[in-house]
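1. All I have is the shape, not the residue letters:
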C-alpha cells in the first residue's frame, strides 16, 4: 500500500485496534506513511455509516438541552496553565462570518453569536437538532457539503477535533478552500501524530479513538494535504487541554475488552470497586496539578497531544 498523497510506502503501525470507548464492533489496522508520518486507519465508511456511528454510539444523546450554555472567552495565566486555548474557536476574532464544521452540541455557535459573528454550523450527529430547534441556529445536519454554501462566503472556517474523522481530508479541505474568501483562514485542531502520547501510551493512547479517528496528522502531512487542497499552512503549534492527560489515565484505568463499553467514557455506567478506587486516586493526583505541569512541558517542546493548524487561502 502507498500513501494517497505522498505515494510513499505505508507500514503497519498498530493492529487489532478497536472502539475502546463506546463498543462499536470491529477491529482495525493503523498504517503509517514512511515519508510524511501520516497515520491512517484502515476502514471503509459510507456517509450513512458515519451518521449512524455518531448518532447512536456517541454520548451526546445523554446531554441535557436544558443545561446547554455557550462557551465563554478565556484568557490569562489560568487559561495558559489549563491549556484552555486548545480549541479553534478561541482563535476567531469578533464580528466575522464563520462556519464551524463539526459543531458538536452547538456551544461554539453561541460563543460566536455573542461576539457579533454571523455563524453557521455543520454536525453529523443528529442530536444537534435539539439545539437547532430550541435556539434557532443556522445548522446543517449531516456531513459537510461545500455545494450548500456560496463560494468565497466565509472569513473563517473551523474544524475542532474534526479533520481526523473525515474519510477524505483533502476533499474536505478543497471544500473549505472553495467557500473561504481569498485571504480567509481555516483553523483546525486535531490530535498530534507526532506527540509524546503516541509513543508513551502505545495502543492505549486515548486519542486513537478507533474507528472514529481515521487520519492523524504530522506537521509534514498537514502541509502536504493542505497544499493539495489549495491552502497554505501558515503555522502550527501544540496547545493541549490539561484535562486530556487526566482523561488519559482514567481511560487506562477503565480500559475495556473489544466490544465492551468503557465505564469512563459513557455516563451512568456501573463501576467496579477497583475502578472506583483507581479513579479516586487519579482525581487526587489531578488536583495536585501534576497533569498540568506535564502537559505544559510537552507543549513547550511543541510535541503536545493537540495540534492547532492555521491554514490560509491565497489571495
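-> Received it, and whenever you're ready, just let me know what you need. Since the model is a prediction, treat every value here as computed from it, not as a measurement.
2. for the protein, what's the longest strand?
-> Counting by DSSP state E, the longest strand found in the chain is strand 180-191.
3. name the helices or strands packed onto that strand?
-> Applying 3 or more CB pairs under 8 Å, 6 or more residues apart in numbering; DSSP states H and E, we find strand 180-191 packed against strand 154-160, helix 169-179, strand 306-312. Where C-beta positions appear, they are placed from N, C-alpha and C, glycine not excepted.
4. For residue 33, find the nearest of those.
-> Of all the helices and strands packed on strand 180-191, helix 169-179 sits nearest to residue 33, with 13.0 Å by CB to CB.
5. distance between that closest one and the chain's centre?
-> 17 Å (CA atoms, centre = their mean, to the nearest Å).
6. can you list contacts of that helix?
-> The contact list for helix 169-179, computed with CB atoms under 8 Å, 6 or more residues apart in numbering, reads 4-5, 99, 101, 144-146, 149-154, 157, 159, 163, 166, 186, 215, 225-226, 228-231, 311, 313.
7. just to revisit the earlier point, now the angle from the longest strand of the chain to strand 154-160?
-> Counting by axes from the mean of the first three to the mean of the last three CA atoms, to 10 degrees, strand 180-191 lies at 10 degrees to strand 154-160.
8. Give me the buried positions along strand 180-191.
-> Going by neighbour count (16 or more other CB atoms under 10 Å), the buried part of strand 180-191 is 180, 184, 185, 186, 187, 188, 189, 190, 191.
9. Now the strand or helix carrying residue 295: buried residues?
-> Element membership for residue 295 (DSSP states H and E) is helix 290-300. Neighbour counts over helix 290-300 (16+ other CB under 10 Å) mark 291, 292, 295, 296, 298, 299 as buried.
10. angle of it against strand 306-312?
-> 40 degrees.
11. average pLDDT for helix 290-300?
-> The average pLDDT for helix 290-300 rounds to 97.
12. now swap in stretch 235-254 and tell me
-> For stretch 235-254, mean pLDDT is 96.
13. which stretches of the protein form strands?
-> 10-17, 28-33, 39-41, 97-101, 118-123, 138-141, 154-160, 180-191, 215-216, 232-238, 306-312.
14. gap between the residue nearest the centre of the chain and residue 151?
-> By CA atoms, centre = their mean, the chain has its centre lying nearest to residue 161, at 1.4 Å. With distances taken as CB to CB, to the nearest Å, residue 161 is found 26 Å from residue 151.
15. ok, the nearest residue to residue 182 once chain neighbours are set aside - how many residues close by?
-> Nearest non-adjacent residue to residue 182, counting by CB to CB, 6 or more residues apart in numbering: residue 315, 4.7 Å away. Residue 315: 7 surrounding residues under other CB atoms under 10 Å.
16. Equivalent analysis for residue 35, please.
-> 16.
17. who touches the residue nearest to it when sequence neighbours are not counted in this structure?
-> Leaving aside its chain neighbours, residue 35 sits nearest to residue 8 (3.6 Å; criterion: CB to CB, 6+ apart). For residue 8, the contacting residues are 2, 33, 34, 35, 36, by CB under 8 Å, 6+ apart.
18. Let's see if you can find the most crowded of those.
-> Tallying neighbours with other CB under 10 Å puts residue 33 at the head of the contacts of residue 8, with 26 neighbours.
19. Contact partners for that one?
-> With CB under 8 Å, 6+ apart, residue 33 has these contacts: 3, 6, 8, 9, 10, 39, 40, 221.
20. for residue 140, same thing?
-> Per CB under 8 Å, 6+ apart, neighbours of residue 140: 120, 121, 122, 123, 148.
21. Tell me how far it lies from residue 150.
-> 14 Å.
22. And stretch 134-142, what's buried?
-> Buried-residue list, stretch 134-142, by 16+ other CB under 10 Å: 137, 139, 140, 141.
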